Structure formats: structure tokens, C-alpha cells
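J.: A structural model of the following input is requested.
(chains A and B)
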There are 2 protein chains.
Amino acid sequence: MQTKFLLGENQIPTHWYNVIPDLPEPLSPVIHPATGKPASPDDLVRIFPPQLIEQEVSTQRWIQIPEPVREIYRLWRPAPLFRAHRLEKALGTPAHIYYKYEGVSPAGSHKPNTAVPQAYYNKLAGTKRLATETGAGQWGSSIALAAQMFGLACTVYMVKVSYGQKPYRRSMMQLWGAEVIPSPSDRTAAGRGILAADPESPGSLGVAISEAVEDAVTHEDTRYALGSVLNHVCLHQTVIGLEAKEQLKLAGEYPDVVIGCHGGGSNFAGIGFPFLADKAAGKDVRILAIEPSSCPTLTKGAYTFDYGDTAKMAPIMRMYTLGHDFMPPGIHAGGLRYHGASPLVSQLVHAGLVEARAVGQLACFEAAVQFARAEGIIPAPESSHAIRGAVEEALRAKEEGRERVILFNLSGHGHVDMTSYDQFLSGKLDDFEYPEEKVRASLAHLPKVEL
Amino acid sequence: MQTKFLLGENQIPTHWYNVIPDLPEPLSPVIHPATGKPASPDDLVRIFPPQLIEQEVSTQRWIQIPEPVREIYRLWRPAPLFRAHRLEKALGTPAHIYYKYEGVSPAGSHKPNTAVPQAYYNKLAGTKRLATETGAGQWGSSIALAAQMFGLACTVYMVKVSYGQKPYRRSMMQLWGAEVIPSPSDRTAAGRGILAADPESPGSLGVAISEAVEDAVTHEDTRYALGSVLNHVCLHQTVIGLEAKEQLKLAGEYPDVVIGCHGGGSNFAGIGFPFLADKAAGKDVRILAIEPSSCPTLTKGAYTFDYGDTAKMAPIMRMYTLGHDFMPPGIHAGGLRYHGASPLVSQLVHAGLVEARAVGQLACFEAAVQFARAEGIIPAPESSHAIRGAVEEALRAKEEGRERVILFNLSGHGHVDMTSYDQFLSGKLDDFEYPEEKVRASLAHLPKVEL
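T.: Take a look at the predicted model:
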């Protein structure tokens, strides 16, 4: 019984797949947060390097991966694809369950897939320093690693409460040479404003984004980097699904359903979009996004224009949103606590090409423990949402007596998330209700947009 | 430039390599700690399953790996071999540096290579529960994983001070279904004795071993498992070096020097012994063990008979030792703080077939940071000793202008060891002097042995 499907180093994809030409309708424009009118590429040039701005709007289906990026991808790519024989047996399902494992990267998640090209294009554009924000630290550690590889300095504004509570990821960033600043900080006007009002502020992702963007636009040599949501980020992550397709060919299978967890959308896009290309070409494949029921952007949000951040500094985009001032409950899958969603994923959900389902925190941890005991690998809490989705599909296949082929993305390992497992195993974790009232209140504050 | 050398799943070794027939002289007998006379296999039968006792003394050069063990090895084996192009460049060395990476196992280290066969042979022998001890938790988490895979219960006596300070590995063990008991505990007479004398005792590895062995011998359905030192443990780890040899063939190279860090000896044996087989057959290859200068067993210890544990419950073996009551300083490479050494490695060092070198803690962390910034992967503090050894060899090659081929074993990742990096990066780590007086005092208490 083959368990692992490996590709050779020379089978790392040569091109990323860009879903834009396969969308059912053109993307809505990005709106400038200050004017409420469509933003031009020029508006972004102080924030992102030109190649990333080009990729953001490109209508080319295939975009070449630069050789220096593939060189670094080689440290962990191609990532393995596993057949979950032991999980299938534990579930007693006739389904064939495959998982793509992105936890083999040095940072332990899929995030370096985009951090590396972002650092590369910045290097090309003469950027000397990257500024970014991070919550739990998955993105911050990945961009720190990538910046180090290309000799760029890196400043990470880390939400203050996480800075204290997640020292492991902070140390990783520092080990990879980044400067990590607890946010709010006195480095920026945004941070100083918050501190003046509340010197004990625990910070938030919204504030940290504001600080990082301000740092970038106020320093000539510095640009900003974002780890999810945007089109170019989704693009870079498609190496996941492109490899998985080749690996499933080795297994002689094609998936009936492709599953990813969904927060900002980048790992979901990574596993899903290359199969969406087949779907656009007429293939019968379901593509399923799993989100937390406490932050159910795709399943309960509005499909409309909203700010990308709480502080209204980031561009306004058309997407599923729970409202930019919605603050999700403190679930342990920190990477899935985002009020919005990738505009690309949002449009595909809206068009019915991608399905979305919300699952509870306890159900996810239960699936994660079952997975870890069967397959060995300890999943990140974010990835456990995809596992839960796969388990539900596998149990349905069992009920129906069908030999369904299921593929999901195991986006990262949970070695630095063990306190969450600790709380789950000792019965201290709760589920959160969908905070309907808060969402309704938040959706009352949508921006005015002039197209 | 090829970076990664991968083998297919069907290239996992079919046999372990047993170094015993290639030793320069027969191994000295194992001595019963109570009698001071050679122990018989029967003395061990309540502690270990018969197949492991057989392997402990086998003179067969190749021992078949059971198919159910290979099935589980497939979850992470063959482990990748990397060429450290970026580290070479950072060092400006003409040397070719290769590293075998064992951090890809679900537990993040090489320990599952022996945990899995140990659990398997116990399952075959009808054992229902495994008892073991752990310090920092690398071994405990690996045996918890393996026991879970074969449906065995598992009780881990974890040194109490680590139980409090290393909650991540404790949680891993619990996630994989093990019961984790802070030691000293009231479960055993040994533990109760310590607690009666000092209710606040922080515990020690010696006490935890005593508790685990007592638990095994006082319960019919329970056996004991050990993660290093013993011959069968070294045997199981040879999959590391056997794979590395095949991978170096893909690279068209053969090493001038093979390097592993050395604590109890198992990961060192794993990378080194398969090359020692070539050396025994006349090949010119150096095999180099790197140990901490604060616990310099191979470089400063006596080659003599000593107890395997502080509490004098474990068998007496002929090995390099600093004395069984030597307590090494609290360095961050917890897995290398052992007063003794594998009898196999000891004999090979004594015969001059294996070289040993001691290095300081700060030099190791410095090498680890350089490695992480060049190659991305964050090494476990134990593995950083091998990196330091490789860096020294590479710099010597540079001085000599020689294109030396260096292979080392990167035995695990450091994602749950970030507090150590934190202390290093903030300048809070110290080197420890070699505690000569303490070793002299400890070596005055060697056991009396009648051969």
C-alpha cells in the first residue's frame, strides 16, 4: 500500500496558476479607502513592488516562477502528498483520503510559498526593508525567513497580546533576523495614538496593519507585505494544488472533492484553484472551503464592498465580510479570525463554483486528535478545519457506500500550538455561538463606494 | 544546482545494519546491577520483549525490518538529504556539506526510528502497556506516538521539573494518548521514597528510570522501553545512515567525514555505523562524534564498567562514563546530558575507529543560528552540536583549500526549543567549564564487577 506520493525536485511547478482569466465575471475594482473611488496601480506603488502589483491584476493564466524563488522552494518543495490509510481505517470509510502536507516548510506552514516570492520581487525593486504585521506569528515568521534569504531587513509589528503569549513564534522571527515590535508601539503615529488613549492596549491585527503600512509609506526604502487575501498571494499558493494534481496522477486518482480551511483564503486558494481550472473546463469536482462557525465569513457574511482592516487604512474590496469592525471570538485557530475573505474566493463562492461550510471549534479539535492518533502528524488548529471537512465527507461516503476520493490541504503542523491541544484535552475549550447580533451591528458600518 | 536528494517510498531500507560483527573485539558482557556478575538474557525478559533481547546480542550483520514497521516508517521515511549550498556560501568553503534531516518525523526528531520497532516487538510479545521515562520529552513523545500506532497503552514518567517547564512535549504525549506522570510520583516505591525524603523534589532522569523500570517489573502486562544507549536502539537508528549512503550516491559523492551529535549515542550510531561498515572494509572515511564540553563523556570520561543510571537499577555496562552520579550542568541540549555512552560507540572510540570532539554551548548556538539563517531549518539544540562539528570541518577545508565532502545528521527541529534560542539571542546563555572535580569525585564510585 503506497502511503506517500513524492515528486522530484525538478517537478516543482515552473508557473503559478492565475485563476483570474477563469473567473465567471471580471473582478470588481479595488477601492481607495480615502476616496471611495477605484484605486489605480499608482496608488499601490509605495506599498508593493511593481511586479506584485502587476500580478494582482494580471489576466495571464500562467505566470512564470522566477528561478531564484524555485531555488528556495527546493528546501521543502515538492511537499509530500499522503494517502491517509490509517484515518480511513479508523473511520471505516470506503473513501480514499489524501492530504497534501505543507508543514514541511522551515516555518511549519504554507506561508513561505508566498513570503519567498514577495521578498524576491521586493529585492528586485530595490526595497531594503519589509514591514508587516502578524497575529499569532505564522505569517511573521515566514516573511522573516524569506527576508533573511534575500538579505532584506524585516520589521514585524506583532499584536502585543500575542507577543507576550506566543513567545515561540516571536523567537523564530528573531532567529531569522527580524526585528519584532509589540504593537501598538511608539514607532508610528497610529501606534502612538492608540497608546495615548490606552497605554495598556493589548493591540489588534487592525492596529498592527496600520502600523506596518505607515512604516512602509513613511520610509523610502521600505515596503509592506501581506500574507493572505490579495490576488498575488493566492497566486503564489497555487504551487500546492499544482503539485497535488501531479501526485494524485501517480496514485491514479482524481478527487471528487478538494478541501481547504478558510481564513483570508490563501491556503484554500492554493489547494483549490488548480482544480477550479479543471472545473471551469467542465470537469466534475467539488471545491469546499471550511471556516470556523464563530467567524463564518463565507457562510453568513454579506458579499459587498468593505475595508480590508479594522482601521480603514487598507483598500476596500468586494468580498464576503462580517463587517470590518467585527471582532471574532478568541478561537485557537488564530489564522482563521478574519472578518473578510479573498475577493477571488468570494466571487467563486458567490458564483456557486466553490462551496463553503462552517464548523465548530470542538468538532475541529476532535477531528485533529483523531487524525494525530491515526496519521501521527499534529495539525495546526487552522488545518484541523480542513480535516473536519474531510472526515465529514468520508463519513458521508460511508453512509452512501461510495468510494469517494477526498483531497485536503494540511496547511501546517501544530508543534507550537500545543497549549490549544492541552486545553482541548483537559476539557477547557468551548464552542462559540455565531455572534449574529455583533455581525448585524458591524455590517451597518460598510463604506460608501463610488464605482 | 540540486539541493535535495530524495528516495522513493520503496527505498526505505529492508534491513537494519548491526555493527556487532564488525567490531574490532567482542563486546563486554552486560553486568547485573545487583550481583555484579554477567546478566543472562533471562534477567532481561521481564523488562524487554524477546526479539529486542535477541537483537541486543545478535551477531548477524543484517536484521530484517518487519513490514508493519516499514509501513509506519513511510509516514516520514526516507528522510531527505540536503546539500547545504547556502551554508557553504556563507562559510566561503570549498567543502560540500550534506545533511540528513530527521526532523520530518511526526515527533520532530530521529527517536521514532526506534520507538516504532520497540512498540511493534512489544505488541508481538503480548505487552499491553509500555512504561518509560523522559526528560525534555523527545523520547517520551516518540514512544507515545509509536504505542498509539500499535494500540498499546503508554505511561511516561517525566522528570517533574521538565513536566512544568516543557508543557509542549507533555501535551504531545497526551495528544498521542499517553499517560504522563510527573516524577517522582506516588505510583512507585522508588518515587514514594524520594517524596518522603523531599516532597518538593524536582526529580531527575535517574529517578524517572527507576520508576519506569519498577512499574514494568511489577505489572505482568507492562514492559519498559529505552530511547538510547542500548545496542538494539543503535541498530534501529541505522536507517538514517543507510538512506544517506544511497542519497549520496545520487549526488555522486562519498563523505570524507560523517558527523553526529552524541548523547547516549543513538543518533550518532544511526548516521555513523553504516559508514563504519565501509571503514571496517578498508574505506577511508572519518566518523566524528560531537559532544557538549560540559558533559564530555567520550573525550574526558573513563572507559570502564559503570551503572546506566544514577539510581543503580539499570544494568552495568562497559562504556565511557563520567560516573553514574555525575550531574551535568543544565545545558539546553537536554538530550546530550548523559553521564555514559552507548557501549558500541564507546568501544569504537576506544579502538580509534570513531573520533570524538567536545564543543561549547555558545559555539553550538552560534552555528545553529548561522545554519537557520542560511538553510531555513531551525535545529534542535542537540543537533546544533553536529552543525558545529560540520562548520569546523568546513572551515578547515577552506584553510587547506580542499574540496572535502562532509555529511552530518540534523537529528531534529527546534520548534519547541525556542526559549533556548531566545536566551542565546538575548545574551543570557553561558558556557560551562568542564567540571573536572565533580567528574573525579563521581568516578571514585564505580561499581565492582566480577567477570
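J.: dump the residue contacts of the most centrally placed residue in chain A.
T.: The centroid of chain A falls nearest to residue A:266 when counting by C-alpha atoms, centre = their mean (3.7 Å). The contact partners of residue A:266, by C-beta atoms under 8 Å, 6 or more residues apart in numbering or on different chains, come to A:110, A:111, A:114, A:227, A:228, A:229, A:233, A:234, A:237, A:342. All C-beta spots, glycine's among them, are computed from the backbone N, C-alpha and C.
J.: Residue A:50 now?
T.: By C-beta under 8 Å, 6+ apart, the contact set of residue A:50 is residue A:125.
J.: distance of it from residue A:44?
T.: Using C-beta to C-beta, to the nearest Å, residue A:50 is found at 9 Å from residue A:44.
J.: buried stuff in the lowest-mean-pLDDT helix or strand in chain A?
T.: Between all helices and strands in chain A, the lowest mean by mean pLDDT, DSSP states H and E belongs to helix A:41-44, at a mean of 84. With burial defined by 16 or more other C-beta atoms under 10 Å in any protein chain shown, the residues of helix A:41-44 counted as buried are A:43, A:44.
J.: Give the next helix or strand downstream of that helix.
T.: Past helix A:41-44, heading to the C-terminal end, the next element that is a helix or strand (DSSP states H and E) is helix A:50-57.
J.: Please state the offset of that next one from the chain centre?
T.: Averaging C-alpha coordinates over helix A:50-57 and over its chain gives two centres that are 19 Å apart (C-alpha atoms, centre = their mean, to the nearest Å).
J.: Check which residues of it are buried.
T.: Neighbour-count burial for helix A:50-57, with 16+ other C-beta under 10 Å as criterion, is recorded at A:51, A:52, A:53, A:55, A:56.
J.: May I have that helix exported as CSV, CA atoms only?
T.: Output for helix A:50-57, consisting of C-alpha atoms alone and laid out as CSV, is shown next (Å, rounded to 0.1, in the frame of the first residue of the first chain):
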residue,chain,number,x,y,z
PRO,A,50,5.7,46.7,-9.3
GLN,A,51,5.8,43.0,-10.1
LEU,A,52,3.4,42.2,-7.4
ILE,A,53,1.0,45.0,-8.5
GLU,A,54,1.2,43.5,-12.0
GLN,A,55,0.4,40.1,-10.7
GLU,A,56,-2.5,41.5,-8.7
VAL,A,57,-4.4,42.4,-11.9
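J.: In a strand, residue A:290, correct?
T.: Yes - secondary structure assignment places residue A:290 in a strand (DSSP: H, G, I helix; E, B strand; the rest coil).
J.: count of neighbours near it?
T.: Residues near residue A:290, counting by other C-beta atoms under 10 Å in any protein chain shown, number 28.
J.: isn't it right up against residue A:359?
T.: Yes - with contacts counted by C-beta atoms under 8 Å, residue A:290 reaches residue A:359, the gap being 5.8 Å.
J.: Overlap of the contact sets of the two?
T.: With contacts taken as C-beta under 8 Å, 6+ apart, the residues that reach both residue A:290 and residue A:359 are A:385, A:388, A:389.
J.: Can you tell me the closest non-neighbouring residue to the first one?
T.: Right, residue A:385. residue A:261 (3.7 Å; C-beta to C-beta, 6 or more residues apart in numbering or on different chains).
J.: looking at it, the one you found is touching residue A:336, isn't it?
T.: Yes - distance between residue A:261 and residue A:336: 6.4 Å, which falls inside the contact criterion (C-beta under 8 Å).
J.: can you list residues touching both of these two?
T.: A:291, A:382, A:385.
J.: Roughly how far does the residue lying farthest from the centre of chain A sit from residue A:94?
T.: With distances taken as C-alpha atoms, centre = their mean, the residue sitting farthest from the centre of chain A turns out to be residue A:401, at 33.7 Å. As judged by C-beta to C-beta, residue A:401 and residue A:94 stand 7 Å apart.
J.: Residue A:259 too?
T.: Distance from residue A:259 to residue A:94, counting by C-beta to C-beta: 18 Å.
J.: So between those two, which is more surrounded?
T.: Of the pair residue A:259 and residue A:94, residue A:259 is the one with more neighbours under other C-beta under 10 Å, namely 31 against 14.
J.: Which residues does the more buried one form beta bridges with?
T.: Residues in a beta bridge with residue A:259, per DSSP bridges, are residue A:288, residue A:408.
J.: tell me the contacts of it?
T.: By C-beta under 8 Å, 6+ apart, the contact set of residue A:259 is A:271, A:288, A:289, A:290, A:386, A:389, A:390, A:393, A:406, A:407, A:408, A:409.
J.: related to what we said a few turns ago, can you pick the most crowded of the shared contacts of residue A:261 and residue A:336?
T.: Ranked by neighbours (other C-beta under 10 Å), the shared contacts of residue A:261 and residue A:336 are led by residue A:385, which has 36 neighbours.
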